[in-house]
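In: Quick one, what's the 3D model for this:
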Amino acid sequence: MSRITFGGLASGLDTNNLINQLVELERQPIVRKEKRITELERIRDTWRDINMRLRNLRDTVLGLKERDNLLSMRAGSTEPSRVAATAGYNANPATYELQVNQLATHHTVAMLTDIQTRLGRNANEAMNLNGTFRLKDLAAGDGTYKEITVQSTDSLTALQHKINNAGAGVTASIIAGHLVMKSNMTGAANGMAMAYVSGQDVLQTLGIYNTGTSSYYNQTVAPQDAHFSINGISAVRAGNVVDDLVADVTFRFMDATSGPVYVQVAADTERAITALGSFVEQYNSVNQFIREKLEKRDPDSKDTSRGLLQGDTTLMKIERSLRTLINSPVSDYRYQDEEGNWQQKKYYSLATLGVMTMDKDGYLQFNENKLAAALQDDPEGVFSVLQFELLDEHGVGTGRFSGVAVELDNYLKRLLLTEQDSQGRPLRPISVQQEAAVQRRIDELRRRIQVREERLLRYEERLVRQFTSLERYISTMQSQSQEMENMIRQFTGFGSNNSR
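Out: Sure thing, here's the model as predicted:
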């Protein structure tokens, strides 16, 4: 609250300025606390930034635990518009020669003429037909049929909906006034079958199915299987997607071929390189940020963010722990052979996969060619560096895992995620605890500032009262002095008159 005073009217002193100077002198502890709050807020925000960077690092670590990212296989085709393929990580590197003689098709039949020509009505007008027919239930695949009853008020559109709602594995549509019926599945065994049941022969009246000859008036696509050969072996399948001939490889036929098409299955090293490269890039970003915060502060530097956490033991421990986990070999890097001799695995650390510490500052460099060569040599050995299952003394899996990626993830979870102690009580993450501790210090300083501000306000009010009293006292003294001067002047004049 602002104050209005008229200081110095009696004394001639600038009492307002004196009060302000005294108050500002007493305010210096508050100014120091406010500066400290500003610094602590930068420290708190730095920890938030560290947490964000560690979360991003963990995302890349989780990618290293995915087999598909490290052991993925790719399948390339010489004619991808006709034959395409995909491969899972269990596929074996190989080249396959395929020739597609014919594709599997969806059985399709249609009205011989449009509804206007056939019945003199449009698709939404009542057809004035009463009858029942049946459709083979292709969805069930057990040889049963679905019956469809047409009423006199039904239009061709209504019949379309009844066929689709029957759930027989047949889709009906209306194209240019023609009712078109199509099997939902490909293959000769999935051809449609239909027959007259009772009432008017709806199918024959519409020009779809000839009951007398048991044939279709307008079969636009006959049902057929896919006929093809792979490496000279002939095969027939009901569909154009074939996944049961080569382990973990799926072929997709889009068109018949005029000659052989070659499909090559090989390790997808690019995906693994991307996954490991993303990890290296994010780790170097985290390492650089941490080192900048821990470095010795330069008092002459304008960059106040550098050295902000100099000497912070928690951050120093995080830096050391991350570096140790990255550079350490896996726990089972040595093993005993059949003769009982100890042997060392060929791939046992990130360094053996091409990820090595570049300098004393802990930055990583990545040799992509070394990882690609390792994947070609022993893909499972590469993945076991990142994740493998721990075995018991009998060589049986325990359901627990280790590896560089696993241990890194476990450590980052302790830094970032809430865990429970032995009694089930939640334990806040380490880095979050640091952020919260700084925030508590900020809150305490703000509380102290508030107390000091209230005390300072009372101090200022006391000064105003004191100087106001002083001014009144001086004013009174000046008034009394003036009166005495007047009295003396009067007395002096009285004596002069008597002498005359």
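In: all helices for the protein, in order.
Out: When assigned using DSSP state H, the helices of the chain occupy the ranges 15-64, 67-70, 115-119, 156-165, 202-205, 269-294, 313-327, 368-377, 379-386, 404-416, 430-499.
In: can you list the residues that contact the second one?
Out: Spelled out, it's helix 67-70. Outside helix 67-70, the residues within contact range by C-beta atoms under 8 Å, 6 or more residues apart in numbering are 63-64, 89, 271-272, 274-276, 375, 379, 382-383, 386. (C-beta placed from N, C-alpha, C; glycine too.)
In: what pLDDT does residue 303 get?
Out: Looking at residue 303, its pLDDT reads 65.
In: Actually, residue 25.
Out: As predicted, residue 25 sits at a pLDDT of 82.
In: Could you report the distance from it to residue 142?
Out: Distance of residue 25 to residue 142, computed by C-beta to C-beta, to the nearest Å: 97 Å.
In: can you check residue 62 too?
Out: Distance of residue 62 to residue 142, given as C-beta to C-beta: 45 Å.
In: out of these two, which sits in the busier spot?
Out: For residue 62 and residue 142, the more surrounded residue by other C-beta atoms under 10 Å is residue 62, and the numbers stand at 16 against 6.
In: Around the nearest residue to that one once chain neighbours are set aside, how many other residues sit close by?
Out: The shortest distance from residue 62 to any residue other than its chain neighbours is 6.5 Å, reached at residue 409 (C-beta to C-beta, 6 or more residues apart in numbering). With neighbours defined by other C-beta under 10 Å, the count for residue 409 comes to 20.
In: can you pull the contacts of residue 409?
Out: Contacts for residue 409 (C-beta under 8 Å, 6+ apart) come out as 58, 61-62, 65.
In: can I get those residues in CSV with pLDDT?
Out: Conversion of the contacts of residue 409 to CSV gives the following (pLDDT from 0 to 100):
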residue, pLDDT
58, 95
61, 96
62, 95
65, 94
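In: Farthest pair within those residues?
Out: The distance between the two most remote of those (C-beta to C-beta) is 10.6 Å, for 58 and 65.
In: Stretch 153-172: end-to-end distance?
Out: Start-to-end span of stretch 153-172 (C-alpha to C-alpha, to the nearest Å) is 19 Å.
In: so how far is stretch 43-57 off the chain centroid?
Out: From the chain centre to the centre of stretch 43-57 is a distance of 17 Å (C-alpha atoms, centre = their mean, to the nearest Å).
In: who touches it?
Out: The list of residues contacting stretch 43-57 from outside it, by C-beta under 8 Å, 6+ apart, reads 279, 282-283, 285-286, 289-290, 293, 305, 308-309, 315, 318, 412, 415-416, 431-432, 434-435, 438-439, 442.
In: Which residue comes closest to the most centrally placed residue in the chain once chain neighbours are left out?
Out: Closest residue to the average C-alpha location of the chain: residue 59 at 8.2 Å, with C-alpha atoms, centre = their mean. Once flanking residues are discounted, residue 59 sits nearest to residue 282: 7.9 Å by C-beta to C-beta, 6+ apart.
In: what residues are up against that neighbour?
Out: Contact partners of residue 282, counting by C-beta under 8 Å, 6+ apart, are 53, 56-57, 59-60.
In: And residue 150, by the same measure?
Out: With C-beta under 8 Å, 6+ apart, residue 150 has these contacts: 127, 129-133, 159, 162, 199-200, 202.
In: hang on, the earlier thing: out of the contacts of residue 282, flag the one nearest to residue 468.
Out: For those, with residue 468 as the reference and C-beta to C-beta as the criterion, the closest is residue 53, at 58.8 Å.
In: For that closest one, grab the count of nearby residues.
Out: Residues within reach of residue 53, counting by other C-beta under 10 Å, total 18.
In: just the one 3 residues further on next, same as before
Out: The local packing count at residue 56 equals 14, with neighbours defined by other C-beta under 10 Å.
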